[in-house]
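K.L.:
A predicted structure for the sequence below; I have some questions about it.
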Amino acid sequence: MALSYKARKRWSLVILLLGLPLYVITAVGIMTFFWEEPDRPPVLVELAIYVALGILWAVPFKKIFMGIGQADPDAKPDDIDDS
């Protein structure tokens, strides 16, 4: 079942306001747990991992975020008076 535009807009807001901060905290926590000071990887490797994690979080939600910034396609057109 496909989500309506309103539902996708609400879910995208929930994902961005609640899910993304939780994902960031989790990703940083995992990176800190695996690489503490003695055996820390080079900065560019760590940066590459963070960039990959920054892109990967959005892949499952691609269908939800598609078209959210555009006008509601199901909305009735308003009567526009050109006078």
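P.N.:
Ah, there it is. Computed from a predicted structure; not experimentally measured.

K.L.:
quickly note the distance from E46 to I64.
P.N.:
29 Å (Cβ to Cβ, to the nearest Å). All C-beta spots, glycine's among them, are computed from the backbone N, C-alpha and C.

K.L.:
neighbour count: these two, which is higher?
P.N.:
I64 (18 against 13; other Cβ atoms under 10 Å).

K.L.:
elements contacting the helix or strand containing the more buried one?
P.N.:
Per DSSP states H and E, I64 falls inside helix 62-65. Applying 3 or more Cβ pairs under 8 Å, 6 or more residues apart in numbering; DSSP states H and E, one finds that helix 62-65 contacts helix 5-14.

K.L.:
can you pull the contacts of the residue positioned nearest the centre of the chain?
P.N.:
Most central in the chain under Cα atoms, centre = their mean is A58, positioned 4.6 Å from the mean C-alpha point. Contacts for A58 were tallied using Cβ atoms under 8 Å, 6 or more residues apart in numbering; they are F65.

K.L.:
repeat the analysis, applying 10 Å as the threshold.
P.N.:
Taking Cβ atoms under 10 Å, 6 or more residues apart in numbering, we find A58 in contact with I15, L20, Y23, I64, F65.
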